[in-house]
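Trainee: Build me a structure from this.
(one chain, ligands or ions: 2)
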Amino acid sequence: MQLLRGTKDILPDEIILWQYIEKTAAKIMTLANYNEIRTPIIESTSLFKRSIGNGTDIVNKEMYSFLDQNSREITLRPEGTASIARAFINSKLYTNNKTQRLWYLGPMFRYERPQQGRQRQFHQLGIECIGSLNPIADAEVIRIAHKLLNTLECTDYIMEINSIGQLEERKKYKQSLIEYLEPYIEDLDNTSRNKLYTNPLKILDSKNTKTQEIIYNAPCLYDYLEIPSKQHFEKVCEYLDFLGIQYNINKKLVRGLDYYNYTAFEIKTNSLGTQDTICGGGRYDSLIKELGGPNVPSVGWAIGIERLLITIKNQLHKKIEKNKPLVYLAVDGQNTEKEILNIVEILEKKDISYNLDLDNNSLQQQLKKADKQGAKACLILRDYEIKNNYITLKKLSTSEQKQFSIFNIDDLIRTLENMSQNL
Ligand code: ATP
Ligand code: MG
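Mentor: Ligands and ions are numbered 1, 2, ... in the order given. Purely as a prediction, here's the structure:
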C-alpha cells in the first residue's frame, strides 16, 4: 500500500522536532495570553466558499470536498481562520471578553501539485487576535511570529508587508487594474489571463517573468487607499520600527484569500527556493460579520510547519536529543518475568525511563541492544539473581557491575536517580 501523493508520515525521529516546536509555541503563546483552540478537520463546504472566496485558487481548485452519506457538502479544512471565526460565532466567544486571543496547530488539506515544501496534507500553526482594530494588534501578532521564529533559531528570513486597504478601495483599484491589463491580455500567462476578471489582484504576485514585466508599470493599489487605510498602515510600520523588526514594504503583495483587509504580510526565507513563504497573515475585519457574527475586527497569521522545518531541521536535530531510556531491562530465565514487572512499576513511579527487552536473546545480545539504544545502564535479572534475591546493575560506560538487594530497592533507585541527574 502506498502513501497518498502529497502526504507524509512523520516518523518518531522527526516527531521530536514537532514536539519541540509545539512546546516552544505553546510557551510563547501562553505568555502572551493566547489560548489554544482545536476545531474539526471537516466543515461545511459553504464555510470556505463564503470566507476564502469564490474567485480564489483554494476554493476553485484546491479543496478536498465530498458528499457525506447524507449528501451534505463537506470539505477537509484548507486553512484555520474560517473555522475559528465559525467557532467564535457558534460559541459566542465574544460575550465575556472583548478581545479573544487564540492559537491552533493542525493538519490542512489542499489539492496542489506536490513538491518540496508543498504537500496536500500539511500543517499550520496559527494565531488570531480577535476584537481589536488597533494597529498595535497587528504589531502584536507580527511580533509573536518573529519571537517564535527567532526562538526556534530560524533567522534567515525577511518580512514583506503591504496594505491592501478596504473592500471599496480595492473595488476601484481592481477596475483600473483590469483596464490597464486588458490591452496585454494575449501576453499574460494562462493562469493570470484566467484571473483577469475574477481575481485580478492575484495577477500582481504572478511568478511568470513576462507577466511580471507587464505588471511593472501597473497602477499601484496604495495610491487608491484613503486616509484611514494609510494611517493604519503607517502606525503598524511605526510600531515595527520601534520593535526593531525588519520588513520590506512590497506594494505588490496581495494574499490568496478574499477576507483580508488593511495589513497583509508574508515572511519569506532565503533557504527554501520557490516555496519560500513560511508565514502568511493579515487583518480580516469583516470576516466574522460576513459569517453571521458580530462586527469584530481581527488579525492573524499562519506558519507552515513543514516549510519551517525544512529550514531549521538540521540545527534542531543537533539540539534535541532522541528519546533514550535510562535503563535497559535485560532478563534471562524462566522465573524472571514477573519480578521484572515489579521493577517496571517502581521505575515508573520514580520517573525513571526504561526499556524492557522482549526478545529473550542472550544476555550478551541484550547488552548490545542497550548500548545501541543509548541507555546509560542495564538492569540484569536472571534465574541466578532471583535465587539470591538481588538484581545486577551494569553501567554501560564503564562496564562496572553492582548488586542490589531486591528487598531494599531504595539503594538501587537512588543510584539510578543520580545517574539520571548527571545526564
Ligand atoms: P503559497 O503561495 O506558497 O501557495 P499560500 O499563500 O497559499 O502559500 P497561506 O494560505 O497563506 O499560503 O498559508 C500560510 C502558510 O502555510 C504558507 O506560508 C506556507 O508556509 C504554508 N502552506 C500553504 N500551503 C501549503 C502546502 N500546500 N504545503 C505546505 N505548506 C503550505
Ligand atoms: Mg497556495
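Trainee: mind giving me the domain split of the chain?
Mentor: 12-166+226-319, 327-421 (automatic domain parsing).
Trainee: Would you tell me which of those domains gets closest to ligand 1?
Mentor: Nearest of those to ligand 1, taken as CB to the nearest ligand atom: domain 12-166+226-319 at 2.3 Å. To be clear about C-beta, it is placed using only N, CA and C from the backbone, and glycine gets the same treatment.
Trainee: For that closest one, measure first residue to last.
Mentor: By CA to CA, to the nearest Å, the extent of domain 12-166+226-319 from end to end equals 16 Å.
Trainee: go on, stretch 255-271?
Mentor: Its first and final residues considered, stretch 255-271 spans 22 Å by CA to CA.
Trainee: got it, and stretch 2-15?
Mentor: Start and end residues of stretch 2-15 are separated by 21 Å (CA to CA).
Trainee: Likewise for stretch 144-158?
Mentor: Note: stretch 144-158 ends 15 Å apart using CA to CA.
Trainee: Need the pLDDT of Q421.
Mentor: Listed pLDDT for Q421 reads 80.
Trainee: Could you export the domains of the chain to CSV, including columns for distance to I214 and mean neighbour count?
Mentor: Listed next are the domains of the chain as CSV, based on distance: least, CB to CB, whole Å; neighbours: other CB atoms under 10 Å:
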stretch, distance to I214, mean neighbour count
domain 12-166+226-319, 12, 18
domain 327-421, 59, 15
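Trainee: Taking the centroid of this protein, which residue is nearest it?
Mentor: L125 (3.2 Å; CA atoms, centre = their mean).
Trainee: ok, so what distance separates it from L105?
Mentor: Remark: distance between L125 and L105 (CB to CB, to the nearest Å) = 4 Å.
Trainee: same thing with N70?
Mentor: The spacing between N70 and L105, counted by CB to CB, is 30 Å.
Trainee: pLDDT weak spots in this structure?
Mentor: 423 (pLDDT under 70).
Trainee: near ligand 1, which residues of the stretch 51-200 of the chain show up?
Mentor: By CB under 6 Å from any ligand atom, the residues of the stretch 51-200 of the chain that approach ligand 1 are 79, 110, 112, 117-119, 122, 124.
Trainee: how about T392, what does it touch?
Mentor: By CB atoms under 8 Å, 6 or more residues apart in numbering, the contact list for T392 reads 379-381, 385, 401-404.
Trainee: Secondary structure for these - can I get that in JSON lines?
Mentor: Compiled in JSON lines, these are given as follows (DSSP: H, G, I helix; E, B strand; the rest coil):
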{"residue": "L379", "secondary structure": "strand"}
{"residue": "I380", "secondary structure": "strand"}
{"residue": "L381", "secondary structure": "strand"}
{"residue": "E385", "secondary structure": "helix"}
{"residue": "Q401", "secondary structure": "strand"}
{"residue": "K402", "secondary structure": "strand"}
{"residue": "Q403", "secondary structure": "strand"}
{"residue": "F404", "secondary structure": "strand"}
